[in-house]
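A.B. asks: just coords:
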C-alpha cells in the first residue's frame, strides 16, 4: 500500500516559480507527476524509475525538474517560468504496474492533488 500527499500548489503570476512536494508512504520504485486541467485529459509531466534518469513530457522539458529526497520520503517538482496554460490540478503518482512512463495514465496510486493557478 502506498499513500501520497501533495503540497506546494497555489497562485502565481506568469513567469513565476513553484515547488510541489509529495510525501510518499510505502515502497515503490516508480514515481512521477501528472496534471489535469479542466476539460482536458491527464498529462504526464515527469517520471522516475528506480533511480534512473527522469523522463519529462514536452510541457515540462526545460522548465520543470523532478527530484527525490529518499531520507524525507519526498518527491519534488520544481516548476519555473510558469505560464497560464500550466494552470491545472497536479498529482503525484506511484507504481506504474511495470510501465513507468509519462504515457501511462493508469498508475496504481494517485495523491489527492494540489491546485496550481497561473494568472496575472
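C.D. replies: Cool, the structure landed. Given the structure is predicted, the values throughout are model-derived calculations rather than measurements.
A.B. asks: look up the residues forming beta bridges with the spatially most central residue of the chain.
C.D. replies: Nearest to the mean C-alpha position of the chain, by CA atoms, centre = their mean, lies residue 33 at 2.1 Å. Counting by DSSP bridges, residue 33 is bridged to residue 46, residue 92.
A.B. asks: that one contacts residue 92, correct?
C.D. replies: Yes: look at residue 33 against residue 92 with CB atoms under 8 Å: they come within range, at 6.2 Å. Placement of C-beta: from N, CA and C, glycine included.
A.B. asks: identify the contacts common to the two.
C.D. replies: Residues touching both residue 33 and residue 92 (CB atoms under 8 Å, 6 or more residues apart in numbering) are 20, 22, 75.
A.B. asks: can you show me the strands along the protein?
C.D. replies: 3-7, 10-12, 18-25, 30-36, 43-49, 55-56, 64-69, 74-79, 88-94, 109-110, 114-118 (DSSP state E).
A.B. asks: okay, the angle between the fourth one and strand 88-94?
C.D. replies: Orientation check (axes from the mean of the first three to the mean of the last three CA atoms, to 10 degrees): strand 30-36 against strand 88-94 gives 160 degrees.
A.B. asks: what's the neighbour count on the nearest residue to residue 103 once chain neighbours are set aside?
C.D. replies: Excluding the flanking residues, the one nearest residue 103 by CB to CB, 6 or more residues apart in numbering is residue 44, at 6.1 Å. Residues within reach of residue 44, counting by other CB atoms under 10 Å, total 22.
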